[in-house]
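Novice: 3D model of this:
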Amino acid sequence: MSQFITGVTAGGKPWTPSFVQSIDQTRCIGCGRCYKVCPRDVFDLVDRADVLSEEEIDDFDDLDEDNTQVMSLADVLDCIGCSACSRVCPKNCFSHAPLALAA
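Specialist: Numbers count the residues shown, from 1 in each chain. Coordinates of the predicted model:
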């Protein structure tokens, strides 16, 4: 059985952080909400054409023509597991997971 990194809240309750694993860039609209709410330097906006194929870009049905950027993971190891990015994302682009303790 895996044990995960666990913290304690101010009230003394155990809390297991859930660290960002990936961003579904085919769903991301580049709104920047996750970037603004992140207390660390986990994210960066990059040009959509640099990370997605032409077919993936063509599949966007609600993409603003002026929005040519998408979020990417700049430093995933800087994530503190607060999951704030997922709570503000309007497109549910993020996947998170707890981190197992090193043996």
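Novice: measure residue 92 to residue 24 for me?
Specialist: Per CB to CB, to the nearest Å, residue 92 is found 8 Å from residue 24. C-beta here means a position set from N, CA and C on the backbone, and glycine is covered the same way.
Novice: more crowded one of these two?
Specialist: residue 24 (13 against 9; other CB atoms under 10 Å).
Novice: residues contacting that one?
Specialist: Shown in contact with residue 24 (CB atoms under 8 Å, 6 or more residues apart in numbering): 91, 93, 94, 95.
Novice: show me where the chain has its helices.
Specialist: Taking DSSP state H as the test, the helices found in the chain are 33-37, 48-51, 54-58, 84-88.
Novice: any idea which of those helices has the lowest pLDDT on average?
Specialist: The minimum mean pLDDT among the helices of the chain belongs to helix 54-58 (a mean of 66).
Novice: returning to what we had before: which of the contacts of residue 24 has the most neighbours?
Specialist: residue 94 (22 neighbours).
Novice: show the contacting residues for that residue.
Specialist: The contact partners of residue 94, taken as CB under 8 Å, 6+ apart, are 20, 21, 22, 23, 24, 34, 83, 85, 86.
Novice: ok, now residue 3?
Specialist: Per CB under 8 Å, 6+ apart, neighbours of residue 3: 100, 101.
Novice: kindly report the same for residue 33.
Specialist: By CB under 8 Å, 6+ apart, the contact set of residue 33 is 85, 88, 89, 90.
Novice: can you select the buried ones among those for me in PyMOL?
Specialist: Listed next is the PyMOL selection for buried residues among those, using 16 or more other CB atoms under 10 Å:
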select buried, resi 85+88+89
